[in-house]
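> Sequence first, predicted model second:
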Amino acid sequence: MNMKANSEVKDQIKEGLKHLIFIKGKFNASTKEISEHTGIARTLINYYYRSKMVLFDMIYKDAIEQVINALLMSLSLERPFKEKVLYYINLSSNRLAKYPYIDIYVMTHSNVNDLTQFNLIFSDPAISQLLEAIRIDFKNEKLAYSDPEHFFLDLISLTSYPFATIQFMNNSRLCKTKVLDQFIQERNDSIINILYRT
């Protein structure tokens, strides 16, 4: 098997696990499940990745990169703070529309994975600018919060959890499935109205 073919098989295995974790919510997917989903023999999966942990570590790093990039892209915009928040909400919604469980996977596995990559963002100059922008909005009484911690907690929670919850509600038939674009727009409008005084 040539190098290109090797790379394609490795990518197929990796994408298969991402599908199982980020779309299906199978956080502890087995190599048997990966094999069944991808059609690639378990022996080949073990050959290319040596251990399940190596493969899961790669998936985790990919996930946390996506989360970090959404935050840093939003912070780097030369726009008013509220527009940065809106941009972050839209980026997150697009990511979660594709992978509804990705943020929850990052959060629930942060206690067993290396967070060095994530912690680097707190040394970024954009963080200082962000905190100053929040203080200004607090001073102008535009935000419906008394401190930044509650603001960030709600921003992350409100963008992340509804996508996983809607999967549960759809699967259990507790609600009627809406067109995804409509759902995303309604959620984004609700989030900004909660975060800001309207």
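Sure, I can see it.

> use CA for all of it now, contacts and neighbours both
Will do.

> could you say what helices and strands the host helix or strand of residue 86 packs with?
Using DSSP states H and E, residue 86 sits in helix 81-98. Under the contact criterion of 3 or more C-alpha pairs under 8 Å, 6 or more residues apart in numbering; DSSP states H and E, helix 81-98 touches helix 52-75, helix 125-139, helix 148-171, helix 180-195.

> how does this protein divide up, domain by domain?
The chain breaks down into these domains under automatic domain parsing: 1-50, 59-195.

> Let me have the ones you listed in a markdown table, extended by mean pLDDT and mean neighbour count.
Output for the domains of the chain, formatted as a markdown table (pLDDT from 0 to 100; neighbours: other C-alpha atoms under 10 Å):
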| stretch | mean pLDDT | mean neighbour count |
| --- | --- | --- |
| domain 1-50 | 90 | 16 |
| domain 59-195 | 78 | 15 |
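
> Please, which helix or strand holds the spatially closest residue to residue 42 that is not a sequence neighbour?
Excluding the flanking residues, the one nearest residue 42 by C-alpha to C-alpha, 6 or more residues apart in numbering is residue 35, at 5.6 Å. For residue 35, the host element (DSSP H and E) is helix 31-38.

> contacting residues around that helix?
12-13, 16-17, 20, 40-42, 45, 52 (C-alpha atoms under 8 Å, 6 or more residues apart in numbering).

> again, only using 7 Å
12-13, 16-17, 41-42 (C-alpha atoms under 7 Å, 6 or more residues apart in numbering).

> Quick check: next helix or strand after that helix?
helix 42-49.
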